[in-house]
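Participant: here you go, sequence then predicted model.
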Amino acid sequence: MQLDWWTDIYTALKAADVRQVGYVPDAGHSGLIEACLADDDMRAVVLTTEEEGISLLAGAWLGGQRGALLMQSSGVGNCINMMSLAATCQFPVPIFVTMRGLWREFNPWQNAMGRATDSHLTIAGFSTLTATMPEHVGPLAAETLDTAFDGGQMSALLLHQCLVPVKTFGK
Amino acid sequence: MTTQPRSTSYPLNRRDVARRLTQSEPGLLVIAGLGSTAWDVTAAGDRDLNFPLWGAMGGAITLGLGLALAQPGRRVLVITGDGETLMGMGSFATVALQGPTNLSICTFDNEHYGETGMQATHTSSATDLAGVAAACGIAVTGTVSTEAELEAALPVILAAPGPVYHVIKVKAEKLDFVLPPKDGIHLKERFRKALLGS
């Protein structure tokens, strides 16, 4: 399995001049988080809960900077009311979501939110794209960022669970 | 007989505190949390560099963080209420780790949910928000209850290297609504135009 697709997201973030990256860690995003932390032109901001990231990006935009968020599908559920800030004011919010509960999921507690993530995002006003093939991640990431910054919109790229190694909890 | 809550006798008036904070420096970037603090900041004078929230409860502090990181040369002041602060207490840890020196946060603490019928908040008897912020790693914290303490705190809030957090205990009282514009896109665009010129 090709596992370096995250470098294509990093390239897209750089091309879009993203300066603030809010995240709650996820194994699928670990390489990208490390790259953002090491980049002197980016501020990688670890959040205590994903909803902080929505208002962080609103503040960044008020100050003239572009931001993006990295989270796991469970984190989308933590953001729902805060997304109304972006919807009401048309703040650009691009989110890259590593999915759980979709494919060879070991932990059934991830299923409820993972399977509802796309619907929740859509109802909250996001346009969503889903990547299932590593070679599609780069172009879909660029499209997600364009959608956000060109139109002041909320956009999400769902990174299907088949893109990341299966987590087996030692079993 | 019902005992009056202690905050009904606090000496500081929230509208006066808002006026002194926001009128000190024309270039100050002000974020106001939803509800009473948005009305306070507006009563002090509606400014293009105010961003008053009408929703997004719990988001005011990290909104200020994103703004402070984007504009490191400008002072950013978040003014919000105790209920709004309580909803986003993790924000103190997030701010502390980033350590923006240009960010100040003030909670106008009347120990009540003012917009919903004045129900008591956690700060009315149990929770010390300045203690929470200090424990999360905010370097400069304080609680202000009197005029003399406010006078001493103003220069810290407005100019000391941050992040700075102060709880300002204000009188629990019913005041007139002074509403800012409600159109979020307008509030965003006027702020960006005043700050960025486009």
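Facilitator: Happy to help now that I have it.

Participant: show me what contacts B:G142?
Facilitator: Going by CB atoms under 8 Å, 6 or more residues apart in numbering or on different chains, B:G142 touches B:A130, B:E149, B:A153, B:V156, B:Y165, B:H166, B:V167. All C-beta spots, glycine's among them, are computed from the backbone N, C-alpha and C.

Participant: sec struct for it, please.
Facilitator: strand (DSSP: H, G, I helix; E, B strand; the rest coil).

Participant: just A:A58 next, same as before
Facilitator: Per three-state DSSP, A:A58 ends up helix.

Participant: so what does the residue nearest to it when sequence neighbours are not counted have for phi and psi?
Facilitator: Distance criterion CB to CB, 6 or more residues apart in numbering or on different chains; nearest residue to A:A58, sequence neighbours excluded, is A:F91 at 4.5 Å. The phi and psi values for A:F91, taken as degrees, to the nearest 10, are phi -80, psi 140.

Participant: go ahead and confirm A:F91 touches A:L57.
Facilitator: Yes. Taking contacts as CB atoms under 8 Å, A:F91 lies within contact range of A:L57: 6.4 Å.

Participant: higher neighbour count, the two?
Facilitator: A:L57 (32 against 27; other CB atoms under 10 Å in any protein chain shown).

Participant: in the chain, which spans are helices?
Facilitator: With no chain named, the answer covers chain A. All helices of chain A, identified by DSSP state H, fall at A:6-15, A:30-38, A:51-62, A:73-77, A:83-89, A:111-124, A:137-151.

Participant: let's do chain B instead
Facilitator: Going by DSSP H, chain B shows helices at B:14-22, B:36-43, B:60-70, B:82-87, B:90-98, B:129-136, B:147-159, B:184-196.

Participant: got a list of what the residue nearest to A:A58 touches?
Facilitator: Shown in contact with A:F91 (CB under 8 Å, 6+ apart): A:L57, A:A58, A:W61, A:L85, A:G152, B:K188.

Participant: got those residues as CSV, with pLDDT and distance to A:Y23 columns?
Facilitator: As requested, the contacts of A:F91 are arranged in CSV below (pLDDT from 0 to 100; distance: CB to CB, whole Å):
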residue, pLDDT, distance to A:Y23
A:L57, 98, 12
A:A58, 98, 16
A:W61, 98, 18
A:L85, 98, 19
A:G152, 87, 22
B:K188, 98, 24
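
Participant: can you select the buried ones from those in ChimeraX?
Facilitator: Paste this into ChimeraX to select the buried members of those, with burial taken from 16 or more other CB atoms under 10 Å in any protein chain shown:
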select /A:57,58,61,85,152 /B:188
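
Participant: okay, the helices of chain B, which one's buried deepest?
Facilitator: When you average the neighbours per residue for each of the helices of chain B (mean count of other CB atoms under 10 Å in any protein chain shown), helix B:60-70 leads with a mean of 30.
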